[in-house]
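A.B. asks: How does the following fold in three dimensions:
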Amino acid sequence: MSKKLKITIEIENEDGETLVSETSEREVPYIEEIEKEGFRASFDKYERAVLESRKEASDKVSSEYFELISEKKRNQSQIQQK
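C.D. replies: Sure thing, here's the model as predicted:
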């Protein structure tokens, strides 16, 4: 029976308010799979899950964060033009 790996990345402002947050989940091997497939094969699956999940979460949170910054910048420009 596999277990679930969750990686969450959050960007907060100075007040501790979360601006953007993303979570990525992957299945990772557990005792039964490790015993059946061996340590090396199981560790490879685990390592791939970690790397893929981390990349997915960081890509998403970065995209959302820069979109948020872009929106704020646009809004500030519009206010200054008035």
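
A.B. asks: pLDDT weak spots in this protein?
C.D. replies: 81-82 (pLDDT under 70).

A.B. asks: ranges for the strands of it?
C.D. replies: Remark: strands assigned in the chain by DSSP state E are 3-12, 18-28.

A.B. asks: With adjacent residues omitted, what lies nearest to the residue positioned nearest the centre of the chain?
C.D. replies: What sits nearest the mean C-alpha location of the chain, by C-alpha atoms, centre = their mean, is residue 57, with 1.9 Å. In space, and not counting its chain neighbours, residue 57 is closest to residue 24: 4.0 Å by C-beta to C-beta, 6 or more residues apart in numbering. C-betas here are computed from N, CA, C, even on glycine.

A.B. asks: you'd agree the one you found is up against residue 53?
C.D. replies: Yes - counting by C-beta atoms under 8 Å, residue 53 is a contact partner of residue 24 at 4.1 Å.

A.B. asks: what touches both of the two?
C.D. replies: Residues touching both residue 24 and residue 53 (C-beta atoms under 8 Å, 6 or more residues apart in numbering) are 6, 7.

A.B. asks: All set, thanks.
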